[in-house]
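S.K.: 3D, please:
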Amino acid sequence: MKKNGFPDRLKALMEQKKLTLAQVAQAINTSPPSVHRWTKGGEIEYDNLLALATFLEVNWIWLRYGDEAIRTASTAVPESETESDLRREYLDRIMLNEARMKTALEMAQIINWEWNALTGTFTFSDNAESVFGRRPDTIRERFAPFASLPLEELIELFTSQNGYLWDFKTEAPDSGEQWFASRAKLVLDPQNIPLRVIGVTADITERKKAEFALERSEYMMRKIIETIPVGLWGADENGVINLANPEVIRIWGGAKYVGLENYGLYKGTWEKSGQALTKDDWTLARAVKTGEISEAEVVNIEAFDGVPRSIIMYATPLINPEGKIIGAIEVNQDITDLKQTERRLRRSHEQLQRLYQQNSFGVVAFNEAGIQRVNDRFASLSGIKHPQIKDLPLTTIFDHETASKILEINELGDARRIEGRLLINGSDETQHRKVDIQVIGSTASDIDVSMLLVFT
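M.R.: Residues are numbered from 1 along each chain as shown. Take a look at the predicted model:
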C-alpha cells in the first residue's frame, strides 16, 4: 500500500475495504463528489480528515502526510512529554493553517486548482462552480489556454516568467460578461518533465468594469482637450509642463515642456503696460507656486513660429483632498483677430472724428430715422443748428430730386458722386445752394450709417 500521496492512500484504503464513494460520504456526513475530489488530490478540511481517518481506522497524520510523517512523529527516542506535546501542537498548526488558507480563499472568491500534465485532468476547490457561475469544464479552453500546448512550449511558457499570469473573459446568459485573472506555476520532476500546474483564479469583473469605465472617461477627456477651441496647458506639482493641446500648440507655434525655471522661454508683454513678462508672471507659474486662481489677463505673445499674437490667459491650481497642490492648468484664448478688429475700429473712429472736425466740406450721417449728425461746416452751409437738425429727413435740407437720388444710391449700398441742391435754413426750394455730394451707402463703409460729403 505504499503510494505517493493522500489521494493514493485514500483510494488504496477504499479498495482494500471495498468501500464506495457513497458509503464513505455517508459515514462521515459529506457528499460523494467531495470524496471523489479527495481521491483526485482536492483539499480536505481538518474535521473531515479526522472523521475519515477514524472511519478508515488509520492514523490521520499517516493518511494525510504518509509514512515519513509517522516515523518523524513517533521514532524520536527518548522524547519527553513536553516535546511530544510540542510536536502535536506543530501538526495541529499545520492542519489549522491549511484550513485557514482554504477558508480565506473561499471568502475572497478565489479558486485554487491543479492540472495534471500527464493525464490532462483538473481538480478544483469546492467554490469553483459558484465563482465561475458554471461548471469549470465548460470554459476549459478559455480558462486553461496552456493545456493544449506541447510539453516544450509549456515549459517555455512557464519558465520565461516568474509564474504565468493571464486574464480571460466568459459570457453567460444570466450573468453576462465576466472577467477572471489566473496565476499559475509549473511543477517539474527531477528530470525537468512537467508533472502538474498549480494555480489560483479570481473574479475580477468589477475591477475590469472600473478599468473600462476609466478608459472611456480618459478617452472622452482626451477628445475634449483635443477639440476645445481654447488652448490648454497642464503642469505637475513641480510646474513641469506635461500637457499642451493642439489649439495651444497652434497659438504658440509649438510647445516647450519645461519646468518653472525655464518659463522664461515663453515671451510676452502685458497689454496694458507693454512691459515684458518674467518667468514667474505666467498664470500657470503663479497657480503652481502659490495656488492663485487668476482672472483673465491679456498678453501679447511672441510665438515660436515668429507670429505675434494676442491671448487671454488664466489658470487654476489642482488641489487634492488634503489641500496639497498637485498641479495646475492654464487656458489660453487667441484674441488676435479681435484685437485687430478693435484696432481697426479705433482707427476708423479716429478718422471719423477727424472727418467731422475738418472745416473744408460738410459731413452728414443719416439712417432710416433721419439725419443723425453733421459737422460744423455743414451746419454753416445749411443754416440749421446742430440740435435742430437731429432726426430731420433728407427732404428738409435737400430738394426733392436730390434727396431721391441720395436714397436710391443708399438703397443700393453704393458710393457715388452727384450734383444737387442744398436748401438754406430748411426753406422751400427757392432758396438753395448748388453743391457736389459724395454719397457713401452704409454697406460701402465700416459704420452702420450712411455718409454724405458735401462740397461747395
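
S.K.: strands along the stretch 301-450 of the chain, start to end?
M.R.: 308-319, 325-334, 362-367, 370-374, 415-423, 432-440, 450-455 (DSSP state E, counting those that start in this stretch).

S.K.: could you dump those strands into a markdown table with mean neighbour count added?
M.R.: All C-beta atoms are positioned from the backbone trio N, CA, C, and that covers glycine. Listed next are the strands of the stretch 301-450 of the chain as a markdown table, based on neighbours: other C-beta atoms under 10 Å:
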| stretch | mean neighbour count |
| --- | --- |
| strand 308-319 | 18 |
| strand 325-334 | 20 |
| strand 362-367 | 21 |
| strand 370-374 | 19 |
| strand 415-423 | 17 |
| strand 432-440 | 18 |
| strand 450-455 | 21 |
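
S.K.: which of these sits closest to residue 245?
M.R.: When those are compared by C-beta to C-beta, strand 325-334 sits nearest residue 245, at 9.7 Å.

S.K.: who are the packing partners of the closest one?
M.R.: Under the contact definition 3 or more C-beta pairs under 8 Å, 6 or more residues apart in numbering; DSSP states H and E, strand 325-334 sits against strand 231-236, helix 246-252, helix 283-290, strand 308-319.

S.K.: mind listing what it pairs with, with the direction of each?
M.R.: Strands that pair with strand 325-334, judged by DSSP bridges, come out as strand 231-236 (antiparallel), strand 308-319 (antiparallel).

S.K.: how far away from the center of its chain is the last one?
M.R.: The one in question is strand 308-319. 21 Å (C-alpha atoms, centre = their mean, to the nearest Å).

S.K.: angle of it against helix 283-290?
M.R.: Computed by axes from the mean of the first three to the mean of the last three C-alpha atoms, to 10 degrees, the angle separating strand 308-319 from helix 283-290 equals 20 degrees.

S.K.: then strand 308-319 to CSV, C-alphas only?
M.R.: Presented in CSV, the C-alpha positions along strand 308-319 are these (Å, rounded to 0.1, in the frame of the first residue of the first chain):
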residue,chain,number,x,y,z
PRO,A,308,2.8,87.9,-32.9
ARG,A,309,-0.5,87.0,-31.3
SER,A,310,-2.7,88.3,-28.5
ILE,A,311,-4.2,86.0,-25.9
ILE,A,312,-6.3,86.0,-22.8
MET,A,313,-4.7,83.7,-20.1
TYR,A,314,-5.9,82.5,-16.8
ALA,A,315,-5.1,79.5,-14.6
THR,A,316,-6.3,77.5,-11.6
PRO,A,317,-4.4,75.1,-9.3
LEU,A,318,-5.3,71.4,-9.0
ILE,A,319,-5.7,70.6,-5.3
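
S.K.: CSV please, covering the strands paired with strand 325-334 and showing distance to residue 377 and mean pLDDT.
M.R.: Shown next, in CSV, are the strands paired with strand 325-334 (distance: least, C-beta to C-beta, whole Å; pLDDT from 0 to 100):
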stretch, distance to residue 377, mean pLDDT
strand 231-236, 50, 95
strand 308-319, 38, 95
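
S.K.: need the ones you listed in a markdown table (columns: distance to residue 23).
M.R.: As requested, those are exported to a markdown table (distance: least, C-beta to C-beta, whole Å):
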| stretch | distance to residue 23 |
| --- | --- |
| strand 231-236 | 70 |
| strand 308-319 | 70 |
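
S.K.: show me where the stretch 351-456 of the chain dips below the pLDDT cut-off.
M.R.: 426-430, 443-447 (pLDDT under 70).

S.K.: state the helix or strand in which the residue minimising distance to the centre of the chain lies.
M.R.: The chain has residue 218 as the residue nearest its centroid, 1.8 Å off, counting by C-alpha atoms, centre = their mean. Element membership of residue 218 [criterion: DSSP states H and E] is helix 205-227.
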